[in-house]
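*Asks:* I'd like to go over a predicted model; first the sequence, then the structure.
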Amino acid sequence: MRLHTDILTSDHFNAAACVNGLAVGVPIFREHGSRIRARAFEIQLSGSGRDGGAFGHTRFRTALWDEWGIFLAHLYRFDPAMVSGRAYLGAEDFHACTDHRFVSLHAGGMCARHRWDYGGTHFTCAKCGAEREAPYTTTYRREREGIAFPGGRTVAPARPAQPTYAPALEPRPGSARMDGRKEYPFGPTVKPGSLDVLRRIDTTLAEVG
């Protein structure tokens, strides 16, 4: 995750790694330039998660969602305007996205493995009851509250309504039916007579069998 900040230094990250009983490592820590803040830090946490991460692409045990939350909550106390990748656009946005779970959470109250159930606007953990916003709930809330990335860019466009498909009764403009082929809503075009060929093959195989 890349964190954009005007205030934070490596000392803040070292302190966050052990706050509230937390015990995480920072195996990846690189400083970069930033177009929206004074500087940025590319970080990855090691913790109590899976070996190799969710996709097996790391050489260490990655941090749990709760470990990340406690870590970021501590950093937001020092820099409420920090931008966390494309996930959180400041302290208030972070706590809204995570249902204020990390305002006072200690390491002893973490859930080892969340099992998220989708409830329409939020995801709820079936094991501990923790909640977090669904992505499009976050998008709509940010639009309603006027929250956007520095420079005016939004986090993600609102999800467009999915079209309802139905078999076409009439050829569409430019349809392949004009050259003697039948066009279907999905898949390739089928030439007239090809279905009859398949039926004859099936009949022949049935007789041989």
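*Replies:* Nice, thanks for sending it over. Residues are numbered from 1 along each chain as shown.
*Asks:* what's the burial count for Arg132?
*Replies:* Residues within reach of Arg132, counting by other CB atoms under 10 Å, total 20. The way it works is simple: take the backbone N, C-alpha and C, and place the C-beta from them, glycine included.
*Asks:* brain fart, His32
*Replies:* Neighbour count of His32, defined by other CB under 10 Å: 11.
*Asks:* how about low-confidence regions in the protein?
*Replies:* For the chain, applying pLDDT under 70 flags the ranges 52-58, 151-209.
*Asks:* Tell me how it divides into domains.
*Replies:* Here the chain is described, according to automatic domain parsing, as comprising the domains 2-145, 176-208.
*Asks:* Deepest-packed of these, please.
*Replies:* The highest average neighbour count among those, using mean count of other CB atoms under 10 Å, belongs to domain 2-145 at a mean of 16.
*Asks:* Check the separation of the first and last residues in that domain.
*Replies:* Distance between the two ends of domain 2-145: 24 Å, counting by CA to CA, to the nearest Å.
*Asks:* so what's Cys97 closest to, chain neighbours aside?
*Replies:* Taking CB to CB, 6 or more residues apart in numbering as the measure, Cys97 lies nearest to Glu133, with 5.0 Å between them; neighbours along the chain are not counted.
*Asks:* Now do the same contact list for that neighbour.
*Replies:* By CB atoms under 8 Å, 6 or more residues apart in numbering, the residues touching Glu133 are Ala96, Cys97, Thr98, Asp99, Thr121, His122, Phe123, Arg141.
*Asks:* Restricted to strands, list these.
*Replies:* Restricting the contacts of Glu133 to those inside strands, with DSSP state E as the criterion, leaves His122, Phe123.
*Asks:* out of the contacts of Glu133, which one sits closest to Trp65?
*Replies:* In terms of CB to CB, no member of those lies closer to Trp65 than Thr98, at 8.8 Å.
*Asks:* my guess is that closest one meets Phe123, correct?
*Replies:* No - counting by CB atoms under 8 Å, no contact exists between Thr98 and Phe123, whose distance comes to 10.7 Å.
*Asks:* tell me, what's touching those two both at once?
*Replies:* Arg132, Glu133.
*Asks:* which one of the contacts of Glu133 is nearest Arg2?
*Replies:* Ranking those by separation from Arg2, with CB to CB as the measure, puts Cys97 on top at 17.0 Å.
*Asks:* So the closest one versus Leu22, what's the distance?
*Replies:* The span separating Cys97 from Leu22 equals 20 Å under the rule CB to CB, to the nearest Å.
*Asks:* now swap in Ser84 and tell me
*Replies:* Here the distance between Ser84 and Leu22 works out to 17 Å (CB to CB).
*Asks:* where do the strands sit along the chain?
*Replies:* With strands called from DSSP E, the chain shows them at 2-5, 25-32, 39-51, 61-62, 83-84, 116-118, 122-125, 131-133.
*Asks:* Those strands: which one's closest to Phe13?
*Replies:* strand 25-32 (6.1 Å).
*Asks:* tell me the angle that closest one makes with strand 39-51.
*Replies:* Between the axis of strand 25-32 and that of strand 39-51 there is an angle of 150 degrees, by axes from the mean of the first three to the mean of the last three CA atoms, to 10 degrees.
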